[in-house]
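Enquirer: Please work out how this folds:
(one chain, ligands or ions: 2)
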Amino acid sequence: MTFLIDWLVTLKCNYDCAYCGIGPSGHDNSKPHPDYDKCVKMVSQMYAYCDLVLAKKKLVFKDAIMNIYGGESIHHPDIVKLIKKTSELYQPYKNNWRLKRRMTTNGTATEKKWEVLCQHVEGFTMSYHSTGPTKLKNMFKRNLKYLNSIGKEHDVIVCMYPSKDYWKDCVSFLHWAKKQGINARPKMLDGPLGVYKKEHLKDLEDFIDSKELAHWDVSVTAEVQGRGCCGGRRMCFDRNIKQHQFIVPRGPNGFLGWHCSANQFFLHGNTSTGLYYTNKDCKVRLDGKTGPIANLHTMGDYIKSLAEKPQLPTLICAQKTCTCGTCAPKSIHKENLTEILKIYNDPSLVGNV
Ligand code: SF4
Ligand code: SF4
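Expert: Numbers count the residues shown, from 1 in each chain. Ligands and ions are numbered 1, 2, ... in the order given. Purely as a prediction, here's the structure:
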């Protein structure tokens, strides 16, 4: 498992998709873009926290992925300067751990801006939104072709909006991508708009494995039909590494009361609010309560206090819903979690987590 630095750059977006919530899990055009200095401070602190955590890991696990997103991060007026800064700020750490930046974007940058971003960002998750104007959708296609032409790592997600004309546009985009040799993945919408008819499923037969659609229930929304890890990864549980599943079982109270190592694998920073959380869905803190772990003013001291501890602490889960964070090693018994963490942490530092 890698360490995820999850950086929400701005809540503003140049789109206003009907299926996108207002707030940190979507976008909010009423909020101003955070200024450049605030963004730089957040990146510096996130790198410092990451350095502290990765110092305890075995060499093979000294990897960080920085997810750069919004709203729409490219919409931030200083995005080019900021992305260049993420390269500069990484320099003191480059011999300590490996960094891969990954931008999650609607791909609507000018050619010039896109080329510079591609020089600094190691990979992109491109999401296609049928609700945008033709001009921006053409920009998306051009930028996607550019990624393909330079061999830049990328995933393509098509947000399948079931409303009539938008649906047609999504399907037509999927066909376009297929013709270009681009692997685009349809994504069923979460929320009340994500109800699909049989005809919709038929249209997707060329793009989704028929086994995945065989048990689809057209009477309910996509989200109540269960979801796997956000990255689509399979996971093992009960330490049975031979069996991997998309959906990890849990009781009605999630993992409430379990010992969990999410703080050793995630850090979420929201530049708009200046707040840090364990991750975007996990609000559990070291004191066993829920809420932000620090803000831009207190993060320096928070990092210092962790550095003074002989070992990295773990969390006791205090929330009933666990979504992003499901993959972080966890156990009802602390001693089991300590054992599991020996897989990741430097043996000379294990025994006291
Ligand atoms: S492009 Fe993405 S962030 Fe922007 S409104 Fe649409 S779903 Fe939300
Ligand atoms: S919500 Fe999930 S990730 Fe967070 S502490 Fe609980 S079990 Fe761990």
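Enquirer: who's in contact with I293?
Expert: Applying Cβ atoms under 8 Å, 6 or more residues apart in numbering, we find I293 in contact with N263, Y276, Y277, T278, R285, L286, Y302. Where you see a C-beta, it was placed from the backbone N, CA and C, and this is true even at glycine.
Enquirer: change it to 7 Å
Expert: When contacts are counted by Cβ atoms under 7 Å, 6 or more residues apart in numbering, I293 is found next to Y276, Y277, T278, R285, Y302.
Enquirer: cool, P24 as well?
Expert: Going by Cβ under 7 Å, 6+ apart, P24 touches L8, L11, N270, K280.
Enquirer: give me phi/psi at the last one?
Expert: With angles defined as degrees, to the nearest 10, K280 sits at phi -70, psi -20.
Enquirer: That one contacts T323, correct?
Expert: No. Taking contacts as Cβ atoms under 7 Å, K280 lies outside contact range of T323: 8.9 Å.
Enquirer: picking up where we left off before, now, which of the contacts of I293 lie within strands?
Expert: Among the contacts of I293, DSSP state E puts Y276, Y277 in strands.
Enquirer: Closest one of the contacts of I293 to T125?
Expert: Relative to T125, the closest of the contacts of I293 is Y277; by Cβ to Cβ it sits at 20.8 Å.
Enquirer: Highest neighbour count among the contacts of I293?
Expert: Neighbour counts for the contacts of I293 (other Cβ atoms under 10 Å) peak at T278, which has 26 neighbours.
Enquirer: List the contacts of it.
Expert: Listed by Cβ under 7 Å, 6+ apart, the contact set of T278 reads A262, N263, F266, H268, V284, I293.
Enquirer: Report the contact partners of the fourth one.
Expert: The reference is to H268. Residues in contact with H268 (Cβ under 7 Å, 6+ apart) are D6, Y276, Y277, T278, N279, K280.
Enquirer: Check M66 too.
Expert: Residues near M66 by Cβ under 7 Å, 6+ apart: I5, W7, L99, R101, R102.
Enquirer: In JSON lines: the residues you listed, plus secondary structure, distance to ligand 1 and pLDDT.
Expert: Listed next are the contacts of M66 as JSON lines, based on DSSP: H, G, I helix; E, B strand; the rest coil; distance: Cβ to the nearest ligand atom, whole Å; pLDDT from 0 to 100:
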{"residue": "I5", "secondary structure": "strand", "distance to ligand 1": "19", "pLDDT": "98"}
{"residue": "W7", "secondary structure": "strand", "distance to ligand 1": "15", "pLDDT": "98"}
{"residue": "L99", "secondary structure": "strand", "distance to ligand 1": "24", "pLDDT": "98"}
{"residue": "R101", "secondary structure": "strand", "distance to ligand 1": "19", "pLDDT": "98"}
{"residue": "R102", "secondary structure": "strand", "distance to ligand 1": "16", "pLDDT": "97"}
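Enquirer: Among these, give me the pair with the biggest separation.
Expert: Every pair of these checked by Cβ to Cβ; the farthest is W7 and L99, at 12.0 Å.
Enquirer: Counting neighbours, go ahead and name the busier of these two.
Expert: W7 (24 against 21).
Enquirer: P77 versus that one, what's the distance?
Expert: Taking Cβ to Cβ, to the nearest Å as the measure, W7 falls 17 Å from P77.
Enquirer: rewinding a little: out of the contacts of P24, which is most surrounded?
Expert: Highest neighbour count within the contacts of P24, by other Cβ under 10 Å: L11, with 25 neighbours.
Enquirer: and that one, what does it touch?
Expert: P24, H27, D28, K31, G70, G71, S272.
Enquirer: List just the nearest of these to ligand 1.
Expert: Nearest to ligand 1, judged by Cβ to the nearest ligand atom, of the contacts of L11 is H27 at 4.1 Å.
Enquirer: I'd say that closest one and C13 touch.
Expert: Yes. Counting by Cβ under 7 Å, H27 does reach C13; the two are 3.9 Å apart.
Enquirer: Are there residues contacting both of those two? Which ones?
Expert: Taking Cβ under 7 Å, 6+ apart as the contact rule, H27 and C13 both touch G70, G71.
Enquirer: Correct me if wrong: G257 contacts Q319.
Expert: No. If you go by Cβ under 7 Å, G257 and Q319 don't touch, sitting 10.6 Å apart.
Enquirer: higher neighbour count, these two?
Expert: Using other Cβ under 10 Å as the criterion, G257 and Q319 rank with Q319 on top: 16 against 12.
Enquirer: Provide the secondary structure category for the more buried one.
Expert: The three-state assignment at Q319 reads coil, by DSSP: H, G, I helix; E, B strand; the rest coil.
Enquirer: cool, and G269?
Expert: Judged by three-state DSSP, the three-state class of G269 is strand.
Enquirer: Near ligand 1, which residues of the stretch 51-200 of the chain are found?
Expert: Residues of the stretch 51-200 of the chain found near ligand 1 (Cβ under 6 Å from any ligand atom) are G70, G71, E72, N106, H129.
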